[in-house]
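> Structure for the following, please:
(one chain, ligands or ions: 1)
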Amino acid sequence: MGHSAAIWDYKAAVEITKDWNGIDQAVLGNPQGASARVSLHGGQVTSWRNEHGEELLFTSSKAIFKPPKAMRGGIPICFPQFGNCGSLEQHGFARNKIWMVDDNPPPLHPNDSQGKAFIDLLLKPSEDDLKFWPHSFEFRLRVSLATNADLMLISRIRNVNGKPFSFSFAYHTYLSVSDISEIRIEGLETLDYLDNLCRRERFTEQGDAVTFEAEQVDRVYLGSPNVIAVLDHEKKRTYLIRKEGLPDAVVWNPWEKKSKSMVDFGDEEYKQMLCVDGAAIEKPITLKPGEEWTGRLQLSVVPSSFCSDQLHL
Ligand SMILES: O=P(O)(O)OC[C@H]1O[C@@H](O)[C@H](O)[C@@H](O)[C@@H]1O
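As a prediction, the model looks like this:
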């Protein structure tokens, strides 16, 4: 994984190393041995492991770890556009850019700082970016790992001083699952969704949970609750996705046919992955000069005996 260039003591360790392409990445650790890795390429979280060293995020065995494209897995950031419904490249440019580390980040909130390892990455537009998206923004991404191994991503996007601008956003979260046909998502039942496979037509979810049976699912659930549970029966564990400032939830699994059409994805790998993204898509966010938007995502894993009633889903 490359050599260590620096060790900072943000209560727990944050280490900057080089990845296989010589691009810096931050490795966050907690005292129990959990870890998270975030690449400066795209500000993309590329790994999140629990204290037993088990990887919780999916990465394709065919992933291409080479800029300019984002690698298939982890948590790419979709900004300032989700999908292809705008003039920019699919899912926006942020995931393809090289971000900077902020060596002097503002402190964590006192209620929020207990033992957390964190790193702040910054993205500002280059001259070239301004030609395609002429808006002066600053994007601060804070990735932190808690003592209980929860992974938190906080995005703060500020209109530095330009004209008002609008954007859509998603944390495109690739979860690693044992077998997609055993997975249930709770928290999205009865909601309306836009079906990306059906010209973004609006439907209403009918099942008592979202399950995956025989075909690609590619939907944007609207006005979703701030906690969504992904139950993995076989692994006897549940992912909890908590979000703030992100009203929508994208659910995507490519299934067989689409998997075969993606060069950086194995034909059978759809069985082991599921994307559930905290997102702001249906109603774009608009920022006036000087305004800032915050979108938070917190991922936890709990045993499947944990009752969903406790979540107030
Ligand atoms: O291949 P990309 O650009 O990373 O996108 C992957 C998928 O991302 C999902 O979020 C979209 O809803 C899908 O339509 C898309 O295929």
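> For residue 198, I want the exact helix or strand it lies within.
Using DSSP states H and E, residue 198 maps to neither a helix nor a strand.
> Also residue 256?
Judged by DSSP H and E, residue 256 forms part of helix 255-261.
> Not including adjacent chain positions, what is the nearest residue to the residue of the stretch 101-250 of the chain found nearest the ligand?
Per C-beta to the nearest ligand atom, residue 218 is where the stretch 101-250 of the chain lies closest to the ligand, at 4.5 Å. Quick note: C-beta positions are derived from backbone N, CA and C, even for glycine. With C-beta to C-beta, 6 or more residues apart in numbering as the criterion, residue 218 has its nearest non-adjacent residue at 4.1 Å, and that residue is residue 196.
> tell me the mean pLDDT for stretch 198-217?
Averaging pLDDT along stretch 198-217 yields 94.
> residues from the stretch 101-250 of the chain in reach of the ligand?
Residues of the stretch 101-250 of the chain lying close to the ligand (C-beta under 6 Å from any ligand atom) are 172, 196, 218, 250.
> number of nearby residues for the second one?
One way to gauge burial is a neighbour count; for residue 196, by other C-beta atoms under 10 Å, it gives 19.
> One more: residue 65?
Counted with other C-beta under 10 Å, residues neighbouring residue 65 total 17.
> per-residue confidence at it?
Residue 65 carries a pLDDT score of 88 in this model.
> which non-adjacent residue is nearest it?
Nearest non-adjacent residue to residue 65, counting by C-beta to C-beta, 6+ apart: residue 71, 5.2 Å away.
> repeat for residue 187
Take residue 187 and drop its neighbours on the chain: the residue closest to it by C-beta to C-beta, 6+ apart is residue 228, 4.0 Å away.
> Just to be sure, the one you found is in a strand?
Yes - the assignment for residue 228 by DSSP: H, G, I helix; E, B strand; the rest coil puts it in a strand.
> quick one on the thing from earlier: format the residues of the stretch 101-250 of the chain next to the ligand as CSV; extra columns: distance to residue 79 and secondary structure.
Converted to CSV, these look like this (distance: C-beta to C-beta, whole Å; DSSP: H, G, I helix; E, B strand; the rest coil):
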residue, distance to residue 79, secondary structure
172, 10, coil
196, 18, coil
218, 19, strand
250, 14, strand
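> show me what contacts the residue nearest to residue 187?
The neighbours of residue 228, taking C-beta atoms under 8 Å, 6 or more residues apart in numbering as the test, are 185-188, 240-241, 243, 249, 276, 313.
> Serialize the residues you listed to JSON lines and add fields for neighbour count, pLDDT and secondary structure.
As requested, the contacts of residue 228 are arranged in JSON lines below (neighbours: other C-beta atoms under 10 Å; pLDDT from 0 to 100; DSSP: H, G, I helix; E, B strand; the rest coil):
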{"residue": "185", "neighbour count": "24", "pLDDT": "97", "secondary structure": "strand"}
{"residue": "186", "neighbour count": "18", "pLDDT": "96", "secondary structure": "strand"}
{"residue": "187", "neighbour count": "23", "pLDDT": "96", "secondary structure": "coil"}
{"residue": "188", "neighbour count": "22", "pLDDT": "97", "secondary structure": "coil"}
{"residue": "240", "neighbour count": "19", "pLDDT": "97", "secondary structure": "strand"}
{"residue": "241", "neighbour count": "24", "pLDDT": "98", "secondary structure": "strand"}
{"residue": "243", "neighbour count": "24", "pLDDT": "98", "secondary structure": "strand"}
{"residue": "249", "neighbour count": "28", "pLDDT": "98", "secondary structure": "strand"}
{"residue": "276", "neighbour count": "28", "pLDDT": "98", "secondary structure": "strand"}
{"residue": "313", "neighbour count": "15", "pLDDT": "52", "secondary structure": "coil"}
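> closest to residue 291 among those?
residue 243 (20.3 Å; C-beta to C-beta).
> quick one: contacts for the residue sitting nearest the centre point of the chain?
Residue closest to the mean C-alpha point of the chain, counted by C-alpha atoms, centre = their mean, is residue 171 at 3.0 Å. The neighbourhood of residue 171, defined by C-beta under 8 Å, 6+ apart, consists of 75, 77-78, 153, 155, 246, 277-279, 295, 297.
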